[in-house]
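K.L.:
sharing a model prediction with you, sequence too.
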Amino acid sequence: MGSQPDLDAHIRRYYGRRFDESSRLTTRSAAGLVELARTRRLLADHLPPQAEVLDVGGGTGVHASWLAGRGHPVTLVDPVPEHVAAARAAGGFAAEPGDARTLRFPDGSFDAVLLLGPLYHLRDRADRLAALGEARRVLRPGGVVLAGAISRVVAATDLVTAAGFADLPGPALLRLLASGDSPADPAEGFPAGHFHTAAELADEVVAAGFADVRVTGVEGPGSLALELVPPDDQVVAAAVVLAERAQGHPGSPDLSGHLLAVARR
């Protein structure tokens, strides 16, 4: 496994040159469309009207544009220059380069902080706690953080499926299940650093000093099946209903591709 600086460089290469994050959420799969719909519902549930939002790791501004359209003053921060340029071109909100672990903003600057990508690209717990700590620092008292993670359970299943049940990567799979470490050299393919369980994500948010922590599954129990079907309005609508009905049931968050922790400063 390389160092975090190696991973940081790969993140910029991967998202800047090889992968269109916007299309993942808006056109590529039923899973992306469900993730987008559910994330927007969860944001609407937890952000008060006109809350000032810092979108850390906000990519090209898919969420920031939507929030700005709902009347929220939004500032987007992202480490990928191409993302920042696209976000600025979208207009309607501020966008600048930055690192989740070292935010430039003064203490108590925002009502809400979104961390919908940074945590799964930070391999070391210390770095993830640093990002969460910075989010807490720039929040006003009573402010809300919404922190996303990738489910370790679903990531492990994806690893087995990708191998076609042949030549299974035994050591990598065991390492992933035991520690959440990315199962492959991050210089190749998706530059993940860490996959969470719902319990681990909650523990890290609490360790960063937040209160009233709740973790929910974004896509819901249909997450894995959604990767196998084309985008379809009826499928997306049914999956959203399933995810909402499963919300609050013990064990259900880990069956979602993405987890979302919501907590207060």
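P.N.:
Alright, I've got the coordinates. Since this is a predicted model, take the numbers as computed values, not measurements. Residues are numbered from 1 along each chain as shown.

K.L.:
and the contacts of the biggest helix by length in the chain?
P.N.:
Assignment by DSSP state H gives helix 30-46 as the longest helix of the chain. Residues from elsewhere that reach helix 30-46 (C-beta atoms under 8 Å, 6 or more residues apart in numbering): 23-26, 62-63, 66-67, 70, 112, 114, 116, 144, 146, 216, 218-220, 222-223, 226-227, 229-232, 235-236, 239-240, 243-244, 257-258, 260, 262. (Each C-beta comes from the backbone N, C-alpha and C, glycine too.)

K.L.:
how many other residues sit next to residue 245?
P.N.:
Residues lying near residue 245 (other C-beta atoms under 10 Å) number 12.

K.L.:
A strand includes it, no?
P.N.:
No - per DSSP: H, G, I helix; E, B strand; the rest coil, residue 245 lies outside any strand segment and is helix.

K.L.:
how close does it sit to residue 129?
P.N.:
Distance, residue 245 to residue 129, by C-beta to C-beta, to the nearest Å: 33 Å.

K.L.:
mean confidence score for the longest helix of the chain?
P.N.:
Here helix 30-46 scores 94 as its mean pLDDT.

K.L.:
in that helix, what's buried?
P.N.:
30-39, 42-43, 46 (16 or more other C-beta atoms under 10 Å).

K.L.:
can you check stretch 254-265 too?
P.N.:
Buried, per 16+ other C-beta under 10 Å, within stretch 254-265: 254-263, 265.

K.L.:
pick out the most distant pair among the residues you listed.
P.N.:
Spanning the widest gap among those are 255 and 265, at 29.2 Å by C-beta to C-beta.

K.L.:
just checking, residue 123 is part of a helix?
P.N.:
No - with three-state DSSP as the criterion, residue 123 is coil rather than part of a helix.

K.L.:
from here on, call the first residue 17.
P.N.:
With the count now opening at 17, the last piece we talked about shows up as residue 139.

K.L.:
surely it is in contact with residue 211?
P.N.:
No - counting by C-beta atoms under 8 Å, residue 139 does not reach residue 211; the two are 10.5 Å apart.
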